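Colleague: got a sequence here, can you build the structure:
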Amino acid sequence: MIDHLPSDHPDFAARVAANQAERAASLKATYDFIVCGAGSAGSVLARRLAENPAVQVLLIEAGGGDERVSVMEPAAWPTNLGSDTDWGFVAESNPALNGRAMPMSMGKVCGGGSSINVMVWSRGHRADWDHFAEESGDSSWGYDAVLGVYRDIENWQGAPDPLRRGVGGPVYVQSAPNPGPAAYAMIDAAQELGIPTYASPNGEMMETVGGCAISDVLIRGGKRHSIFRAFTYPYLDRPNLTLLTDTQVNRVMIQGGRAIGVEAVRDGVLHRFGAAHEVILCLGAIQTPTVLMRSGVGDEAELRAHGIKVARSLPGVGANLQDHVSFGCIWEYKEPIAPRNSGSEATLYWKSEAALTEPDLLFCQVEFPVPSPETAARGVPEHGWTMFAGLAHPKSRGRVRLASADPTIAPRIELNTFSHPDDLKAALACVELCRDLGNTQAFAPLVTREAMPGPLNKADMEQYVRDAAVTYWHQTCSAKMGRDEMSVVDASLRVYGVEGLRVADGSIMPKVVTGNTMAPCVIIGEKASRFIRAAHGL
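Modeller: Numbering: from 1, shown residues only. Below is the predicted model:
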């Protein structure tokens, strides 16, 4: 038995490198569990399974390591977009977006989205989790139960709140340290408009109709504290956890209605790894349904169209795709103000209609200009800030489809933004609230003008919204949990009709959660580990 150094010990990185080199040089034909994807859910799951030293875990990640400036430096996150840490997916052109084809960035690196995102820790609204419980028929997905899981995993650095916050867990969470003046102005602006403010967005605020707060972030010692760093990295010196980076899963091997392993490509070489107990897909809302379909699990007509033998007919695979869509409204600073932390330090959730009982709009302030390629033509100030705001609960639904059975060919992504008419109505209300917030007295000392959209008539504002719409990078719901014919997994995240196969990532959400999706994906990974350990007596 080896002694286990803390992950911040100077010798730990060398120990990890030596151990993982040894693991890679002596790959096994069969592992107890194969976790596909080292993102926000997969990182949690691999760690929890590997906590039992008798269990051999293989963690497969298509991207590379996270030791790079673009990942580790909080302010450098935008440099990941379009880089080799980004899958670079692009949705199909959409007439409702004036024919635009929306880029759909997703993390392709250890940590997945948690390594390239804005580091905002947002737990989801009470109503989100209660909806999960209702759809799954399992009360352990309800808010009160999930609140206990959050307490277990958090290492909260703020004011004590024993009911809602945990300390001593793997996830180091703090309120954005030393926020910039624009973040405080947003708090004051909300108060001007009669919107309640809170000390944290993850306490009482997400049990009510909404409010405004300084964001909670995963930054530790001035560096990004990704879920991979929080959960997986501290266990990479152990002999029972093998991490294969730069390795892409092509398909799950299914025999006699059971998942028996995976087929993956590493350095141009095809490998087949057996799974003695289970395969768990944690590849995200685009790749998980794609791999399921290539494995013969999905809509029969679509599989047959690509010459894929049907292992299990599940028409919901790839359906129900959801994403938060955002519209950037930009103000020009009177003088340059450097962004702090990740450049996103204040968040607000509110309603597009007064009668709603939960927020349906999501606002993340960004401390630099963020236009879409189309709205950039209107003129972007050299120095300014953006109200990056959008729909927390869009009614439009998209779909992920195969373009080919060839795993090197990207899938088709039908995002279908604004396919439901209520979404455009909510988008217009969202932009008007953005303008009201940004034009309050609270921002007057900081800005000279509203750069965009400005006061437009209804037709021009609709045009602006269609041109401004961009993704929040919160792709979810394409292999949903539930009990109807379009559900893909049950309450324990087991794929219907395939033994030994589960899904644990954002794709299992029945509907997209109210806020940023990283924290809920951690819960999904944590709950998957508990289901699996209970099922196998670990």
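
Colleague: CA only for contacts and neighbour counts going forward, please
Modeller: Noted.

Colleague: report the buried residues of stretch 342-362.
Modeller: Neighbour-count burial for stretch 342-362 flags 342-352, 358-362 (criterion: 16 or more other C-alpha atoms under 10 Å).

Colleague: what is the end-to-end distance of that stretch?
Modeller: 18 Å (C-alpha to C-alpha, to the nearest Å).

Colleague: what's the offset of that stretch from the middle of its chain?
Modeller: Relative to the centre of its chain, stretch 342-362 is centred 18 Å away, using C-alpha atoms, centre = their mean, to the nearest Å.

Colleague: among the buried residues of stretch 342-362, which one lies nearest to F368?
Modeller: Nearest to F368 among these, counting by C-alpha to C-alpha, is G343 at 7.3 Å.

Colleague: hmm, E367 and the closest one touching each other?
Modeller: Yes: using C-alpha atoms under 8 Å, G343 makes contact with E367 at a distance of 5.1 Å.

Colleague: list the buried residues in stretch 116-135.
Modeller: 116-133, 135.

Colleague: which ones among those residues lie within helices?
Modeller: Assigned to helices by DSSP state H, the following of those qualify: 126-133, 135.

Colleague: that older thread, so of the buried residues of stretch 342-362, which ones are in strands?
Modeller: Counting by DSSP state E, these place 346-350, 361-362 in strands.

Colleague: which of these lies closest to A13?
Modeller: A346 (34.3 Å).

Colleague: not counting sequence-adjacent ones, nearest residue to that closest one?
Modeller: I214 (4.3 Å; C-alpha to C-alpha, 6 or more residues apart in numbering).

Colleague: kindly report the same for G82.
Modeller: Using C-alpha to C-alpha, 6+ apart, the closest residue to G82 is G88 (5.9 Å).

Colleague: for Q287, helix, strand, or coil?
Modeller: helix (DSSP: H, G, I helix; E, B strand; the rest coil).

Colleague: next, count neighbours for it.
Modeller: 23 (other C-alpha atoms under 10 Å).

Colleague: quick one: pLDDT of it?
Modeller: Per-residue pLDDT puts Q287 at 98.

Colleague: look up how far G107 lies from it.
Modeller: In terms of C-alpha to C-alpha, Q287 sits 11 Å off from G107.

Colleague: now G500
Modeller: The value you get for G500 to G107, if C-alpha to C-alpha is used, is 26 Å.

Colleague: same check, this time on T417
Modeller: For T417 relative to G107 (C-alpha to C-alpha), the value is 22 Å.

Colleague: do H9 as well
Modeller: From H9 to G107 the distance is 27 Å (C-alpha to C-alpha).

Colleague: which one's more surrounded, these two?
Modeller: Using other C-alpha under 10 Å, the more surrounded residue of H9 and G107 is G107, with 28 against 9.

Colleague: how about the residue lying closest to that one once chain neighbours are set aside, secondary structure?
Modeller: If the residues on either side of it in the chain are set aside, G107 comes closest to G113, at 4.5 Å by C-alpha to C-alpha, 6+ apart. Here G113 is recorded as helix under three-state DSSP.

Colleague: neighbours of G113, how many?
Modeller: When neighbours are counted by other C-alpha under 10 Å, G113 comes out with 26.

Colleague: which residues does it contact?
Modeller: Applying C-alpha atoms under 8 Å, 6 or more residues apart in numbering to G113 gives the contacts 39-40, 106-107, 518.

Colleague: please repeat the previous calculation with a cut-off of 7 Å.
Modeller: By C-alpha atoms under 7 Å, 6 or more residues apart in numbering, G113 lies in contact with 39-40, 106-107.

Colleague: next: S122.
Modeller: 202, 515-516, 519.

Colleague: show me the two of those residues that sit farthest apart.
Modeller: N202 and N516 (11.6 Å).

Colleague: in terms of packing, which of these two has more residues around it?
Modeller: N516 (24 against 19).

Colleague: doesn't that one fall inside a strand?
Modeller: No: in this structure, N516 is coil, not part of a strand, as judged by three-state DSSP.

Colleague: roughly how far apart are the closest residue to it other than its chain neighbours and N202?
Modeller: Sequence neighbours aside, S122 is the residue nearest to N516 in space, at 5.5 Å (criterion: C-alpha to C-alpha, 6+ apart). Per C-alpha to C-alpha, S122 is found 6 Å from N202.

Colleague: I'd like the contacts of S122 as TSV, with pLDDT appended.
Modeller: As requested, the contacts of S122 are exported to TSV (pLDDT from 0 to 100):
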residue	pLDDT
N202	95
G515	95
N516	96
A519	98
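
Colleague: what are the ranges of the strands in the stretch 1-150 of the chain?
Modeller: For the stretch 1-150 of the chain, the strands defined by DSSP state E, counting those that start in this stretch occupy 30-36, 57-60, 89-90, 103-104.

Colleague: and the third one, how far out from the chain's middle?
Modeller: Strand 89-90 sits 16 Å away from the centroid of its parent chain (C-alpha atoms, centre = their mean).

Colleague: low-confidence regions, this structure specifically.
Modeller: 1-5 (pLDDT under 70).

Colleague: got the domain ranges for it?
Modeller: 12-67+226-319+477-508+516-536, 120-223+321-471 (automatic domain parsing).

Colleague: highest mean neighbour count out of these?
Modeller: Among the domains of the chain, the stretch with the highest mean neighbour count (mean count of other C-alpha atoms under 10 Å) is domain 12-67+226-319+477-508+516-536, at a mean of 22.

Colleague: quote the end-to-end distance of that one.
Modeller: 31 Å.

Colleague: what does stretch 192-199 give?
Modeller: End to end - C-alpha to C-alpha - stretch 192-199 spans 17 Å.
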